[in-house]
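Participant: Sequence below, structure please.
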Amino acid sequence: MNHELLRRDWIAGLEKGLSIIEAFDSVHSRLTASQAGQRCGLTRTAARRHLLTLVHLGYAATDGKLFWLAPRILRLGQAYLESARLPNAVQPYLQRVTAGTGETAYMAVLDHHDTVYIARSGTHRHMNTGYILGSRVQAHVTAAGMMMLSLMEEPALDAWMASVTLRPFTSFSVIDPHELRQRLAIARQQGWYLSEQQLEMNYRGIAVPVYDHKGQVLGAMSVSMPMNHESAESAVKRVLPVLQDTARSMRQLL
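Facilitator: Residues are numbered from 1 along each chain as shown. Now for the predicted structure:
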């Protein structure tokens, strides 16, 4: 498809409407039209029109000054989880990991700066935050995110590093770009990654890549668990073989 065709088929209004939705996050849960416009590069008038349209459709609510997203917005994410092939296809394999390790297992994909969890098994008996379906976490503080970043081609990784702000979530979070690259090199070389206390104190994650039958990276499968009194070596010995065997089985069918 050439550039001219892309321009001809491009719907700018849809792009702007989606940018308005993405303006809301945990820090900006309620916005005025002016604030939403500033975050999206729109005028106050344009932002207000888009926001009022979302209110009319039930995707947002307002008190006349502030706007916020309404529960109906969850339908958009749920539509992906219910219709996409990958979340449904990996579910039996995640159950296998949970049965073999006693831990919660996750399937994650990379979306720009974030690890997005699209499937899970087990329960959150250990975690006080946990990853629910659709959770987004900065990639550099998750085992799955680091695994996927490590498999990027060098130019793509350079672009990612240049665009992201590496935020610390704990006192152990790696935010030095040089150290991060070193860890990514280790992950790429060994084919798995161990993350400890990067997102939450006293928790570790172990991740392996998931490929399809053509060798394309689909995402990463991981287990998250409390560290307790188990050493890293013991955790890896207990969990990694199950993850690796399951990932190999998945490759046959995905």
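
Participant: got the residue ranges for the strands in this protein?
Facilitator: Using DSSP state E, the strands found in the chain span residues 60-62, 67-69, 104-111, 114-121, 136-138, 193-196, 203-211, 217-226.

Participant: and of the ones you listed, who's closest to residue 29?
Facilitator: Among those, strand 67-69 comes nearest to residue 29, with 6.1 Å by CB to CB. Bear in mind the C-beta positions are built from the backbone N, C-alpha and C, glycine included.

Participant: So what touches the closest one?
Facilitator: Contacts with strand 67-69, where a contact means CB atoms under 8 Å, 6 or more residues apart in numbering, come from 21, 24, 29-33, 36, 51, 54-55, 59-62.

Participant: Only whichever of those residues are buried, select them in PyMOL.
Facilitator: Buried members of the contacts of strand 67-69, defined by 16 or more other CB atoms under 10 Å, are picked up in PyMOL with:
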select buried, resi 21+24+31+32+33+36+51+54+59+60+61+62
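
Participant: Keep only those of the contacts of strand 67-69 that are in helices.
Facilitator: Applying DSSP state H to these, the entries found in helices are 21, 33, 36, 51, 54, 55.

Participant: if I look at the nearest residue to the second one once chain neighbours are set aside, how far off is residue 179?
Facilitator: In space, and not counting its chain neighbours, residue 33 is closest to residue 48: 3.7 Å by CB to CB, 6 or more residues apart in numbering. Summarising the geometry, the distance separating residue 48 from residue 179, computed by CB to CB, to the nearest Å, is 45 Å.

Participant: out of these two, which sits in the more crowded spot?
Facilitator: residue 48 (19 against 10; other CB atoms under 10 Å).

Participant: what's near enough to touch residue 168?
Facilitator: With contacts defined as CB under 8 Å, 6+ apart, residue 168 is in contact with residue 175.

Participant: Quick check, pLDDT for it.
Facilitator: We have a pLDDT of 94 for residue 168.

Participant: Now do the helices in the protein.
Facilitator: Under DSSP H, the chain gives helices at 3-9, 12-22, 33-40, 44-57, 74-83, 85-101, 143-150, 154-163, 177-190, 232-253.

Participant: quick one: average pLDDT of the shortest one?
Facilitator: Read that as helix 3-9. 61.

Participant: Look at residue 134 and say how many residues are nearby.
Facilitator: 14.

Participant: excluding its backbone neighbours, what's nearest it?
Facilitator: Leaving aside its sequence neighbours, residue 134 sits nearest to residue 77 (CB to CB, 6+ apart; 4.7 Å).
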